[in-house]
Every structure is written in C-alpha cells, then in structure tokens.
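predicted model follows, preceded by the sequence.
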Amino acid sequence: MGMMQEFKEFAIKGSVVDLAVGVIIGAAFGKIVDSVVSDLILPVVGAVIGKIDFSNLFIVLGSVPAGTATTLDALKKAGVPVFAYGNFITVAVNFAILAFIIFLMIKQINRMKKETPAAPAAPAPTPEDVMLLREIRDSLKK
C-alpha cells in the first residue's frame, strides 16, 4: 500500500474528521465568548465598579520614551515593558465563561446518553460443560 493511500485512509477516518470539525467550531466559539466578555460583560462590570476600562489596566515596568502616549498599545509599540493585568483579567474571565459553557454542554450530553435506552444485552452463551451435562442428562432420560 502506497503512502498516499495510507494517508487517504487516515484522513478519511471519522475521528480525524470529527477532530477537525471540533477544532473549527471551537475556534469560532472562542471568538464568540471573547466578544461576549470584551463587548458585553466587562463594560458592564467596569461601569458598576466605576467606569474602569480593563484593557487599559497596566503598570509600566520601564521608562517611557518622550512623546509616547501612555496607552497600552502605544507603550507596547514603543517596546516599553508593561504588566498588563487588565488584559489578564479579560482572558481569565473568557476562560471561566468558556469552561462553564463546556461544562454545561458535557453535562447535557451525559444526560442525553443516560436517557437513551441501551440495547438489552444478549444472553451469555451456555458454557460447554453445562451443555455436555445436559446431553448426558437427556441421554439418561431415554
């Protein structure tokens, strides 16, 4: 069997295709969660706490060159080391929401698996020694 044929069989296997679909959907789902956190949740939290913009929470760890704006993007472009804990808060909230949603999905999938009735197990075959004993018994009855 040639290498191309082996690769084709590998690529067509259901688990590989399922994994590829899962990665694509996961990436899209991650973007949705990122948008929910960045555009909906953190602005509300910031407004409740006191008009805090989490994306601009940082501590400058070096000297700022003259004429550089004191925004996170400008400082990063200038190569100034910054401790961007606001960005970390955003990523941590993203992770927590994504993990919670995945937990709910797995919980629902497990519930659906339990509700699906399992096919009744086939009775185990009669052991050979029992079959032989039955034959002996039946032959003595005659």
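Structure's in. What do you need?

quick one: contacts for residue 64?
Taking C-beta atoms under 8 Å, 6 or more residues apart in numbering, we find residue 64 in contact with 70, 75, 78, 80. Just so you know, the C-beta spots here come from the backbone N, C-alpha and C atoms, and that holds for glycine as well.

quick one: which of the residues you listed has the most company?
Counting neighbours by other C-beta atoms under 10 Å, residue 75 leads these with 21 neighbours.

so how far is residue 21 from that residue?
40 Å (C-beta to C-beta, to the nearest Å).

and what of residue 120?
Where residue 21 is concerned, residue 120 sits at a distance of 33 Å (C-beta to C-beta).

look at those two and report which has more neighbours.
Comparing residue 120 with residue 21 by other C-beta under 10 Å, the one with more neighbours is residue 21, at 10 against 6.

next one, pLDDT for the more buried one please.
For residue 21, the model assigns a pLDDT of 82.
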